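K.L.:
Next input, structure requested:
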Amino acid sequence: MKFQVNSNELNRGLSTVIGAVPAKATLPILETILFEAEGGELKLTATDLEISMVGVVPAMIEEEGSVAIPAKRLLDILKQLPNIPIFFEVDDSHQVTFTTDKGKYKLMGEEPQDYPGIPDMLKGDTLETEAELLKSAIQHTMFAVSSDDLRPAMMGVFFKIGPGGSTFVATDGHRLVKFENENLTSEKELSFIVPDKALQLMSKSLGDGACSISVSDKHIQISSDHVTMITRLINEQYPNYDSVIPRDNDKILLADRDQVLSTVKRVSVFSSVTTRQIRLQIAADKLTIRAEDLDMSSEAKETISCEYNGEDMEIGFNSRYLADMLSNLGGKEAKFEFSTPNRAGIIKPAEEAEGERMLMLVMPVMLNNYS
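P.N.:
This next block holds a predicted model:
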C-alpha cells in the first residue's frame, strides 16, 4: 500500500472522524482508524461500535490497500507538521512508514481484516435536507438531553419527521425543548431517538450545503460533504411530551433576552450551590430577580424593565436551567408564559424565523417563602 497525501488534508480528515474513537477501548483495534486507499481518495473509518464515522481525503494512490493505524499518535504527529506532502508506505507486516521533507517516521499498524464492519444502510428511508437546518435543530435541543442511565429514552433527541415538517424534542425531566421546522419533510412518517454523543459529533462534523439522512430500524446515517456518520438509535419509547406542556397560561411577560440572561448569571452567583434557586418577582413593568444563600449569608437582587400582562406573581427556578434555555433561545426578545407558581413556565422567542417554532418548558422549584 502506497499513497501521497497533503498533511493539512489528512489532519482535517482525521480530526473529523476521531471523535468516534473511544477514549477507553475494550478492543485495541478500536483505538485505530482504518485507512483504505482506492481510486483517487483515501477513506478513513473510526468506530466505537455504537457510532461510526467515515471521512474521505483526496490522495495520490500509487498502490491500493488498507491498514488500521493508531489514531491518537498519528494525529499528534500531524499537528506538529507544516502543510507539506506526506508519502505513506505499508508493508506486508502492517509496518507504516511515512516520509516528509522533514524526516522519516514509523508506526506499527494493525490487520485491516480485524477492523469492525459498519452497518449497511441500503434498506433505510432516505431524505435530503440542508446541513445548516439539521445543525440548528441539534444545537437548539441537545443541551436539554438527560444524562440519567435509568431513563435511556431521554438520553437523546427525539426526531419526528413527516409530510408536514419535523419536530425535535429533548428533555431531562426538569426542562423540555421542542423545536419545529416546516422545511425538513418526509413522505413517510419517521420517528426515532438519536443518542447525545452522536448529536455532538454530528453538530461538529456537518459542513455546509446539502446532506442526506437515511434511517433504518436500528441505525441512522447522515452524510454531508466528505463525512458520513452512522449511529445506533436508542430503542426506547419516548415520553408523551405534549401532555406535560401547560396550555392555559394567562400571564405573559416580554423582556430583552440578553438582559434577562446576564441578570440571571450575575444574581445566581449568590444562590445556594445546592439548589441554584433564584426567584422571579413579576409586576406590571418590572421583573425583579433575586437569590440568596442562607448558609453563606449572601444575597443579590436586580430589577429590569419588562412588559407584563397578568396578576403580580413570584416563581422560583433553577438558575442553570433558566440560563441554558435563554442561551439557546435566540432572538432579541424572550416571551415567558406562566399560569401559577407551581406549574411549568414556558419560554419562546417573541419573534420566530419563518417556518420555525420553538418552545422551552422549565419546571419551577419550591420557594422557601414568598417574602
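K.L.:
next one: phi and psi at the residue lying closest to residue 339 once chain neighbours are set aside?
P.N.:
In space, and not counting its chain neighbours, residue 339 is closest to residue 249: 5.0 Å by C-beta to C-beta, 6 or more residues apart in numbering. All C-beta spots, glycine's among them, are computed from the backbone N, C-alpha and C. Torsion angles at residue 249 (phi, psi; degrees, to the nearest 10) stand at phi -100, psi 110.
K.L.:
In terms of pLDDT, where does the residue nearest to residue 88 when sequence neighbours are not counted sit?
P.N.:
Nearest in space to residue 88, with sequence neighbours left out and distances taken as C-beta to C-beta, 6+ apart, is residue 98 at 4.7 Å. Per-residue confidence (pLDDT) for residue 98: 94.
K.L.:
Tell me who's in contact with residue 98.
P.N.:
Listed by C-beta atoms under 8 Å, 6 or more residues apart in numbering, the contact partners of residue 98 are 86, 87, 88, 89, 104, 105, 107.
K.L.:
Mind putting those residues into JSON lines with distance to residue 301, pLDDT and neighbour count?
P.N.:
Below are those laid out as JSON lines (distance: C-beta to C-beta, whole Å; pLDDT from 0 to 100; neighbours: other C-beta atoms under 10 Å):
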{"residue": "86", "distance to residue 301": "61", "pLDDT": "96", "neighbour count": "21"}
{"residue": "87", "distance to residue 301": "67", "pLDDT": "97", "neighbour count": "15"}
{"residue": "88", "distance to residue 301": "64", "pLDDT": "96", "neighbour count": "23"}
{"residue": "89", "distance to residue 301": "69", "pLDDT": "96", "neighbour count": "15"}
{"residue": "104", "distance to residue 301": "67", "pLDDT": "94", "neighbour count": "9"}
{"residue": "105", "distance to residue 301": "62", "pLDDT": "93", "neighbour count": "16"}
{"residue": "107", "distance to residue 301": "61", "pLDDT": "93", "neighbour count": "17"}
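K.L.:
Could you measure from residue 139 over to residue 92?
P.N.:
From residue 139 over to residue 92 the distance is 47 Å, taken as C-beta to C-beta, to the nearest Å.
K.L.:
Between those two, which is the more surrounded one?
P.N.:
In this view residue 139 and residue 92 are compared by other C-beta atoms under 10 Å, and residue 139 has more residues nearby, 14 against 7.
K.L.:
in a helix, that's where the more buried one is, yeah?
P.N.:
Yes - when DSSP: H, G, I helix; E, B strand; the rest coil is applied, residue 139 is found to be in a helix.
K.L.:
Need the nearest residue in space to it, chain neighbours excluded.
P.N.:
On the basis of C-beta to C-beta, 6+ apart, the spatially nearest residue to residue 139 that is not a chain neighbour turns out to be residue 203, at 6.1 Å.
K.L.:
what's the neighbour count on that neighbour?
P.N.:
Burial measure for residue 203: 15 neighbouring residues, criterion other C-beta under 10 Å.
K.L.:
Thanks again, I'm all set now.
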